[in-house]
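Q: Compute the structure for the input listed below.
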Amino acid sequence: MFEIPQPLHPAIVHFPIVLIFLGAVLSALTIITRRGALPQFAAAILILAAGTAQLAVNTGGDQADEVVKRMPQARRLILVHAEWGEWVRTTAVIAAISAVLALAFYRFTRFRRFLAVVTTLIAGAACYCALQAGQYGGKMVYHHGVGVETTAGNTGATQTPSPGTQPPASSSSPTVSPQ
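A: Residues are numbered from 1 along each chain as shown. From the prediction side, this is the model:
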């Protein structure tokens, strides 16, 4: 009925990315307005972002050694990606704490706005870190084939032909399409 994806890390990482960007936008909106429950939503989203970022760091760490064993040439890239992932987690946690503090001082308009600005700046830093981690993660997938399924169904490097080879010819004869 429901299967947990293997590897789990690529399925998890998109949640903190979206939540961090959403939290940054909501925290920016809390600077200019006090409408409704916007500060509460911003804090809740940033708390979820921090939690899912921690989950992404954990799942990535669980898979890193296995990937390094299969693809030693991607080791440096994996380490840089992991470091940026830890920065995402750390800045998301700090942004969440700042958002909660802004909620605690909600009645003090100037201090609340100051904390909203601080939260927005920290959430913006978390967005930058998420972009960097995503860029290195994309390089691992698209340049080294990390996490891409092979024809055998196992995860690992993709099987790409060498630059001078041609793809195999189709066994069927070409047909002319009716006009």
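
Q: This structure: helices as residue ranges?
A: 9-12, 14-32, 38-70, 75-104, 109-144 (DSSP state H).

Q: For residue 2, which of the ones you listed is the nearest?
A: In terms of Cβ to Cβ, the element of the helices of the chain nearest to residue 2 is helix 9-12, at 12.4 Å. (Glycine included, C-beta is placed from N, CA and C.)

Q: how far is that closest one from where the chain is centred?
A: 8 Å (Cα atoms, centre = their mean, to the nearest Å).

Q: next one: stretch 83-102
A: On Cα atoms, centre = their mean, the centre of stretch 83-102 falls 14 Å from the chain's centre.

Q: Spit out the contact partners of the nearest residue to residue 132 once chain neighbours are set aside.
A: In this structure, residue 132 finds its nearest non-sequential neighbour in residue 84, 4.5 Å apart by Cβ to Cβ, 6 or more residues apart in numbering. Listed by Cβ atoms under 8 Å, 6 or more residues apart in numbering, the contact partners of residue 84 are 129, 132-133, 136.

Q: what pLDDT does the residue nearest to residue 85 when sequence neighbours are not counted get?
A: In space, and not counting its chain neighbours, residue 85 is closest to residue 133: 4.8 Å by Cβ to Cβ, 6+ apart. On the pLDDT scale, residue 133 is placed at 94.

Q: Number of residues surrounding residue 133?
A: By other Cβ atoms under 10 Å, the residues close to residue 133 number 27.

Q: follow-up on the earlier one: of the helices of the chain, which is nearest residue 3?
A: helix 9-12 (10.7 Å).

Q: what mean pLDDT would you report for the closest one?
A: Here the average pLDDT along helix 9-12 is 87.

Q: ok, so what distance separates the residue nearest to residue 132 from residue 138?
A: Computed as Cβ to Cβ, to the nearest Å, the residue 84 to residue 138 distance reads 12 Å.

Q: In this protein, where is pLDDT below threshold?
A: 147-179 (pLDDT under 70).

Q: so what's residue 105 up against?
A: Neighbours of residue 105 in contact, by Cβ under 8 Å, 6+ apart: 111-112, 115.

Q: and what of residue 39?
A: Contacts of residue 39 (Cβ under 8 Å, 6+ apart): 30, 99, 102-103, 106, 112, 116.

Q: among these, who's most crowded?
A: residue 99 (32 neighbours).

Q: and the gap between the nearest residue to that residue once chain neighbours are set aside and residue 21?
A: Among residues not flanking residue 99 along the chain, residue 43 sits closest, at 3.9 Å (Cβ to Cβ, 6+ apart). Distance from residue 43 to residue 21, counting by Cβ to Cβ: 16 Å.
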